[in-house]
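A.B. asks: A predicted structure for the sequence below; I have some questions about it.
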Amino acid sequence: MARTDNDSWEITESVGATALGVASARAAETRSDDPLIRDPFAQIFLDAAGDGVWNWHSAPQLPDEVVEAEPQLPLQMRAMVGYMASRTAFFDEFFLAATGAGIRQAVILAAGLDARAWRLGWPDGTTVYELDQPRVLDFKSSTLAERGARPTCNRVEVAVDLRHDWPTALREAGFDPSAPSVWSAEGLMPYLPAAAQELLFDRVHGLTAPGSRVAVEALGPKFLDPEFRAKRRERMDRVRALMARVAPDRDVPRTDELWYFEEREDVGDWFRRHGWSVTVTPADELMAGYGRTAPKEVEDAVPGNLFVAAERAAT
């Protein structure tokens, strides 16, 4: 699954499969007793994609031998569901606050299987631009159309690879850089090399008018920490070895092979340096605020990401 220049993928492959994994977490949270977020479309995507490792976000779905050998795995997975639910709530609230303040252009970078265009109560006149690879967007829109689901906004697909000239594609789709806009970069940063991250933010800055807002799930110090990386890889290799023995038809991919472990500028610092006002919330604080604190014994299994909210001065 290692990355290559200009690689692409089906929804069940490579980066696409990670979108299904996140959808699985949203589906698990939605059917929980006290859900923080509700995403009725997440399970639809899973059903359409079929069986796979992305369906593992509840312990009964794991083979007994795996649970016996890795008894903390169900707890780790529940902690990840809590993380994904908190992440989803953060971006939901960010978009609704911005559009509630009068912004009518929203841009979702690397939209994946995010279904905000269908499930959020967007104000009248809001246009949501979804950017992602063509096959990912095709899967999402066709799957929901077959179920009769309709967007709750003016949804515009922009089928483009973010490594290419996506600003031109966005403008050609109707985006107005002279008007305020609200943006999200959720679950995207580890899949970009450092230079591509810098270019992405340069382009966003060049497309945003005064009063615009941007939310980013940024990488924290844990991402490059060698001890944290080694523990994660060791844990994943144990599970992979177990699954190869008890369920060889359900391969567990090494998702970290899709990531770029490179030094890069802190996202909050980047936006401050370009004149934006910035608030940064570490993942553990975000989860605690939503009542989703990870248990102590598995807290190292939760990403140590930073949730950045930036606003460009109105004048």
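C.D. replies: Looks like it came in fine. Numbers count the residues shown, from 1 in each chain.

A.B. asks: show me the shaky parts of the stretch 51-200 of the chain.
C.D. replies: 51-63 (pLDDT under 70).

A.B. asks: where along it do the strands fall?
C.D. replies: With DSSP state E, counting those that start in this stretch applied, the stretch 51-200 of the chain shows strands at 105-109, 127-132, 154-159, 182-185, listed in chain order.

A.B. asks: need those strands in a markdown table with mean neighbour count and distance to residue 21, can you?
C.D. replies: In short, each C-beta sits where N, CA and C put it, glycine included. Formatted as a markdown table, those follow (neighbours: other CB atoms under 10 Å; distance: least, CB to CB, whole Å):
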| stretch | mean neighbour count | distance to residue 21 |
| --- | --- | --- |
| strand 105-109 | 25 | 18 |
| strand 127-132 | 24 | 16 |
| strand 154-159 | 18 | 22 |
| strand 182-185 | 24 | 18 |
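
A.B. asks: including distance to residue 145, could those go into TSV?
C.D. replies: TSV is the format used below for the strands of the stretch 51-200 of the chain (distance: least, CB to CB, whole Å):
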stretch	distance to residue 145
strand 105-109	18
strand 127-132	14
strand 154-159	11
strand 182-185	23
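
A.B. asks: looking at those, which is nearest to residue 89?
C.D. replies: Residue 89 lies closest to strand 182-185 among the strands of the stretch 51-200 of the chain, at 12.8 Å (CB to CB).

A.B. asks: check which residues of stretch 191-204 are buried.
C.D. replies: For stretch 191-204, burial by neighbour count (16 or more other CB atoms under 10 Å) applies to 191-192, 196-197, 200-201, 203-204.

A.B. asks: any chance of these in TSV with distance to residue 274 as columns?
C.D. replies: TSV is the format used below for those (distance: CB to CB, whole Å):
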residue	distance to residue 274
191	23
192	18
196	17
197	14
200	13
201	8
203	12
204	10
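
A.B. asks: for residue 96, state which of these is nearest.
C.D. replies: Taking CB to CB as the measure, residue 96 sits nearest to residue 204 out of the buried residues of stretch 191-204, at 20.1 Å.

A.B. asks: whichever helix or strand the closest one is part of to strand 105-109, inter-axis angle?
C.D. replies: Here residue 204 sits within helix 194-207, counting by DSSP states H and E. Counting by axes from the mean of the first three to the mean of the last three CA atoms, to 10 degrees, helix 194-207 lies at 170 degrees to strand 105-109.

A.B. asks: what helices or strands is the helix or strand encompassing residue 21 leaning on?
C.D. replies: Using DSSP H and E, residue 21 falls within helix 14-30. Helices and strands in packing contact with helix 14-30 are listed as helix 42-49, helix 73-100, helix 134-146; criterion 3 or more CB pairs under 8 Å, 6 or more residues apart in numbering; DSSP states H and E.

A.B. asks: so for the last one, what gets flagged as buried?
C.D. replies: It stands for helix 134-146. If you call a residue buried by 16+ other CB under 10 Å, then helix 134-146 has these buried ones: 136-137, 139-141, 143-144.

A.B. asks: lovely, talk soon.
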